[in-house]
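1. predicted model follows, preceded by the sequence.
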Amino acid sequence: MQYETVIGLEIHAQMKTATKIFCACATTFGSPPNSNTCPICLGLPGVLPVLNLKVVDSAIMLALATNAEINPVSQFARKNYFYPDLPKGYQTSQYEQPIVGKGWIDIECGEGKKKIGITRIHMEEDAGKLVHDDLEPISHVDLNRAGTPLLEIVSDPDLRSPEEAVTYLKKIHAILRYLDICDGNMQEGSFRCDANISLRPLGQSEFGTRAEVKNMNSFRHVQGALEFEVRRQRDILLDGGKVVQETRLWNLQSGCTESMRGKEDAHDYRYFPCPDLVPVVISAQWIEEIRQMLPELPDPRKQRFIEQYGLPEHDAGLLTGDRALADYYEAAVAVGGAAKKISNWIMTELLRAVNVEDLATCKLTPEKLAELVLLIEDGAISGKIGKEVFAEMLATGAGAKEIIQRHNLGQLSDSKELEEMVQQILAVHPAQVAEYQAGKMKILGFFVGKLMQRTRGKANPNLVNDLFISFLNK
């Protein structure tokens, strides 16, 4: 029997705010344990939370970017469960009345564009963190993260493969970074997801029993965990067994998911409206003010790159996949140089050496990259020498002209000097000359390569090519 995979993602995005969602404690990552805490996020008796309005602004912004409905009235609820890192014994979240309802985004998949529905987006606070001791069988509680503002983005079960799930995840990640409301750092936990996955016989409309997979902190891990689950659940079904509804953890070392606990349903959490927080009322004017703040988003920016800069769809898609990368590209193009050539240098040389998240601190600024590309276009240096200059620019932050002058790397374009070298090379390779004159035109590359070796790549390649052809055809 053939089975269809059904996946829905629950994405938790930490908002890029200076303070927590209900108190004035800092959200700084890496602070000493329990240093960013106060009576409110410690859950002490008699305290009252106050909503951080920047979190509401972020939720409205994300709703507008995902074609979603914004509910004029939303309500916080208490999600009750007991765990050592949850000091209040409940998590303040939203349940029956979330701030954002139905929405959707388009993703690119094998068959073209596919619309993926969004069930809801709601505001909530994060829990603390358990730090397990490597030497003793004990765990420590760090409540710095307790009360950190989150938006939970719940997709419809529209994803049909691990590849589609990762594509959707990357698209939401890009939108959040474009909006500048989440830094998207998966390693630090500010962007993470849980995946609900089930299989059903092909053609069946009813969903199968799902498993929830947690503990995936990279796109690669998400894909690996979901691929394992597809295999695991298919094997169970083919053997005549039944998939158990449960929560499973991804074990990176073993490359397997492992059972953690039975999957809870909503009634297990005994949700009820939070008595300490009033309903959130959002006016049309508030929404319109946020709409005016929206930046250009990935899809329209990609289309503009294609039309304005004449880039192929692949180049435009890669460059606009991250706001920092797209900004870097446009800053370089603004200085000058062919848009496609700058694109090539970024996609090959720059991204091979620098992670996108490190562009802000990269010593090679967009302006300096544009300077290098212009020097190559003008014939001041060859493309090969350009790569050497690029490496030094990246390491030192020096300008291209400075490096070229320091190492005497300027392109050799003296016709008389090059003619002498051409004649010398032809004189010592008569066999290859005969092959060329017999019709083996590809041997021209052999001669050009010899001259480039002699000049350490400094010779003007177009001039060298013309000179060899001229002498060989005499």
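-> In hand now; what should we look at?
2. rest of the way, CA atoms for contacts and neighbours
-> Will do.
3. report the distance from stretch 95-113 to the chain centre.
-> Mean-position distance between stretch 95-113 and its chain equals 18 Å (C-alpha atoms, centre = their mean, to the nearest Å).
4. surely residue 425 is within a helix?
-> Yes. Residue 425 sits within a helix when classified using DSSP: H, G, I helix; E, B strand; the rest coil.
5. residues in contact with it?
-> With contact taken as C-alpha atoms under 8 Å, 6 or more residues apart in numbering, residue 425 is in contact with 447, 450, 451.
6. give me that answer again for 10 Å
-> When contacts are counted by C-alpha atoms under 10 Å, 6 or more residues apart in numbering, residue 425 touches 419, 433, 447, 448, 450, 451, 454, 468.
7. quick check, the second one in contact with residue 423.
-> Okay, so that is residue 433. No. Contact criterion C-alpha atoms under 10 Å: residue 433 and residue 423 do not qualify, at 11.2 Å.
8. what domains does the record give for the protein?
-> Annotated domains of the chain cover 3-287, 298-407, 415-472 [automatic domain parsing].
9. out of these, name the one with the poorest average pLDDT.
-> Lowest mean pLDDT of the domains of the chain: domain 415-472, a mean of 86.
10. tell me what residue 216 is bridged to.
-> For residue 216, the beta-bridge partners under DSSP bridges are residue 193.
11. tell me the spacing between it and residue 194.
-> 8 Å (C-alpha to C-alpha, to the nearest Å).
12. okay, and the common contacts of those two?
-> With C-alpha under 10 Å, 6+ apart as the test, residue 216 and residue 194 both reach 222, 249.
13. quick one: which helix or strand includes residue 208?
-> Assigned by DSSP states H and E, residue 208 falls within no helix or strand.
14. how far off centre is the helix or strand containing residue 343?
-> Element membership for residue 343 (DSSP H and E) is helix 339-345. Relative to its chain's centre, helix 339-345 lies at 21 Å (C-alpha atoms, centre = their mean).
15. check which residues of that helix are buried.
-> For helix 339-345, burial by neighbour count (16 or more other C-alpha atoms under 10 Å) applies to 339, 341, 342, 343, 345.
16. which residues are in contact with that helix?
-> For helix 339-345, the external contacting residues (C-alpha under 10 Å, 6+ apart) are 305, 308-312, 315-316, 318-319, 329-330, 332-333, 336, 346-347, 350-352, 366, 369-370, 372-374, 377, 387, 390.
17. repeat for stretch 307-318
-> Stretch 307-318 is touched from outside by 298-299, 301-306, 319, 321, 325-326, 330, 333, 338-341, 343-344, 346-347, with contacts defined as C-alpha under 10 Å, 6+ apart.
18. residues near the nearest residue to residue 15 once chain neighbours are set aside, how many?
-> Nearest non-adjacent residue to residue 15, counting by C-alpha to C-alpha, 6 or more residues apart in numbering: residue 182, 5.0 Å away. Neighbour count for residue 182, taken as other C-alpha atoms under 10 Å: 22.
19. show me the strands in the stretch 51-200 of the chain, by range?
-> 73-74, 76-80, 90-94, 103-109, 112-125, 129-132, 139-142, 149-155, 191-201 (DSSP state E, counting those that start in this stretch).
20. show me what the third one is packed against.
-> The helices and strands touching strand 90-94, judged by 3 or more C-alpha pairs under 10 Å, 6 or more residues apart in numbering; DSSP states H and E, are strand 76-80, strand 112-125, strand 149-155, strand 272-273.
21. make it 6 Å
-> If contacts are counted by 3 or more C-alpha pairs under 6 Å, 6 or more residues apart in numbering; DSSP states H and E, strand 90-94 sits against strand 76-80, strand 112-125.
22. strands paired with that strand, and their directions?
-> Strand 90-94 has the following strand partners under DSSP bridges: strand 76-80 (antiparallel).
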